[in-house]
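Trainee: sequence unavailable; structure follows:
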Ligand SMILES: [Zn+2]
């Protein structure tokens, strides 16, 4: 049941997003607020003040994740968590992650406005270093707090200047206690911009995210023979770049013909000697393969490895293929997916189920507690850039779905 009259305060949420956009603002537009920098510190302190102004109890854990807790009526009941991240890419937008955290705050402010007491406690979380733009890999705060990463691993990550995560966490004054991590959680809900073009293209208001795609990364090395571009006849060449071009076409054709939901991307390439008048003797390129079902992903990866190996053999060039990284697919909670779909319908918003092609804090939260995500439109599918844009209307719809989803989850005592 929806309490029809209750809606988030659109002006207040817009103001919070605007204020956030002023912290680390770039002169040409967009935000630079890398994890554990002075800009991040300023945003964190502002956010904590907002949490305190909303009468939330604030905690900071040993990874610098910030929590704001609103008590429920039932003592010791598990908490309903809402979260995302306030850090950005080097030239990031004003919505990625930020909308999720600030809409969570707006949910609390709205509950306070209407004097609504929930049975279960509600906690808002801002996760540290989601982007991975300063400290690799991404999702260090969520991965640390959920036990996916060891503390030593997270603490020892270095930025490009050699500063460690721990040094910088201490420097900005956000090295909190392990005991501050979430302990007793009922579920986790994250609102996020889609970062892809599908919702806008289909004119759908809300994406009900059923999971996150699994990813395989391959590194392919082709060894030919570097010779002079002039004296070497075409039929006597071992041109590694020519063969690489063939292989890239095979990768695309294989994925397109095998599975309409899979993606494969060759995004990085090194050519040696990379000279205008030399035949390329060695090429190394990356392949990123994604699908929501790990078995399908594995099948596609194997198929690509086989086809590339056969083609390189026919061309009589050496090929080495290594899997350099792998991330398994996540399936979100069926029950939460249903609640978000139902809530969107009740509010009169169109919705569709979809899989996230990008990683999110939800990925690791899903390992420890029932999790789901709400997506809203990204204009032109753009993100991680200053052109990133989501309309106020889309944000309001997403925040209202979040509000009523949280109400349903936190008001029930079971
Ligand atoms: Zn994000």
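Mentor: That came through, no problem. The structure displayed is predicted, hence computed values, not measured ones.
Trainee: most proximal residue of the stretch 1-150 of the chain with respect to the ion?
Mentor: Here the residue of the stretch 1-150 of the chain nearest the ion is residue 97; by C-beta to the ion that distance is 3.8 Å. Using the backbone N, CA and C atoms, a C-beta is placed for each residue, glycine as well.
Trainee: can you give me the distance of that residue to residue 47?
Mentor: 12 Å (C-beta to C-beta, to the nearest Å).
Trainee: elements contacting the host helix or strand of residue 199?
Mentor: When secondary structure is defined using DSSP states H and E, the element that contains residue 199 is helix 198-202. Packed against helix 198-202, as judged by 3 or more C-beta pairs under 8 Å, 6 or more residues apart in numbering; DSSP states H and E, are the following elements: strand 206-212, strand 351-356.
Trainee: residues of this structure that sit close to the ion?
Mentor: If contact is defined as C-beta under 5 Å from the ion, the residues of the chain in contact with the ion are 96, 97.
Trainee: can you give me the pLDDT of the residue in the stretch 301-414 of the chain that the ion sits nearest to?
Mentor: Closest approach of the stretch 301-414 of the chain to the ion (C-beta to the ion) occurs at residue 360, with a separation of 6.0 Å. Predicted confidence (pLDDT) for residue 360: 96.
Trainee: mind listing what it touches?
Mentor: By C-beta atoms under 8 Å, 6 or more residues apart in numbering, the contact list for residue 360 reads 84, 130, 139, 190, 192, 212, 373.
Trainee: what would these look like in TSV with pLDDT and neighbour count?
Mentor: Rendered in TSV, the data for the contacts of residue 360 read as follows (pLDDT from 0 to 100; neighbours: other C-beta atoms under 10 Å):
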residue	pLDDT	neighbour count
84	98	28
130	97	26
139	96	25
190	98	32
192	98	29
212	96	25
373	98	31
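Trainee: among those residues, which ones are in strands?
Mentor: Among these, DSSP state E puts 84, 190, 192, 212, 373 in strands.
Trainee: identify the bridge partners of the fourth one.
Mentor: By that I understand residue 212. residue 330, residue 356 (DSSP bridges).
Trainee: test my guess that it contacts residue 359.
Mentor: Yes. Residue 212 sits in contact with residue 359 when judged by C-beta atoms under 8 Å, with a separation of 6.3 Å.
Trainee: burial of the nearest residue to residue 406 once chain neighbours are set aside, as a residue count?
Mentor: Leaving aside its chain neighbours, residue 406 sits nearest to residue 107 (5.4 Å; criterion: C-beta to C-beta, 6 or more residues apart in numbering). By the criterion of other C-beta atoms under 10 Å, residue 107 has 28 neighbours.
Trainee: how about the helix or strand harbouring residue 107: buried residues?
Mentor: In this assignment (DSSP H and E), residue 107 forms part of helix 98-113. Judged by neighbour count using 16 or more other C-beta atoms under 10 Å, the buried positions of helix 98-113 are 98-111.
Trainee: so residue 381 versus residue 196, what's the distance?
Mentor: Distance from residue 381 to residue 196, counting by C-beta to C-beta: 5 Å.
Trainee: likewise for residue 279?
Mentor: Where residue 196 is concerned, residue 279 sits at a distance of 39 Å (C-beta to C-beta).
Trainee: residue 247 too?
Mentor: Residue 247 is 26 Å from residue 196, by C-beta to C-beta.
Trainee: same question for residue 292.
Mentor: With distances defined as C-beta to C-beta, the gap from residue 292 to residue 196 amounts to 14 Å.
Trainee: among the ones in strands among the contacts of residue 360, which two are most distant?
Mentor: 84 and 212 (13.9 Å; C-beta to C-beta).
Trainee: quick one: contacts for the residue in the stretch 201-350 of the chain that the ion sits nearest to?
Mentor: Evaluated by C-beta to the ion, the stretch 201-350 of the chain has residue 212 as its residue closest to the ion, separated by 11.9 Å. Contacts for residue 212 (C-beta under 8 Å, 6+ apart) come out as 292, 329, 330, 355, 356, 358, 359, 360, 362, 363, 366.
Trainee: most neighbours out of those, which is it?
Mentor: Ranked by neighbour count (other C-beta under 10 Å), the contacts of residue 212 have residue 360 at the top, with 28 neighbours.
Trainee: can you give me the helices for the protein?
Mentor: 10-21, 38-53, 98-113, 140-145, 151-156, 165-171, 198-202, 240-258, 294-314, 334-346, 362-365, 392-411 (DSSP state H).
Trainee: I'd say the residue of the stretch 1-150 of the chain closest to the ion and residue 86 touch.
Mentor: Yes. Under the criterion of C-beta under 8 Å, residue 97 lies in contact with residue 86, with a separation of 6.4 Å.
Trainee: helices and strands around the helix holding residue 107, which ones?
Mentor: By 3+ C-beta pairs under 8 Å, 6+ apart, helix 98-113 packs against helix 10-21, helix 38-53, strand 66-70, strand 79-84, strand 122-126, strand 185-193, helix 392-411.
Trainee: how about these in a markdown table, adding distance to residue 228?
Mentor: Rendered in a markdown table, the data for the helices and strands packed on helix 98-113 read as follows (distance: least, C-beta to C-beta, whole Å):
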| stretch | distance to residue 228 |
| --- | --- |
| helix 10-21 | 55 |
| helix 38-53 | 52 |
| strand 66-70 | 61 |
| strand 79-84 | 55 |
| strand 122-126 | 58 |
| strand 185-193 | 51 |
| helix 392-411 | 58 |
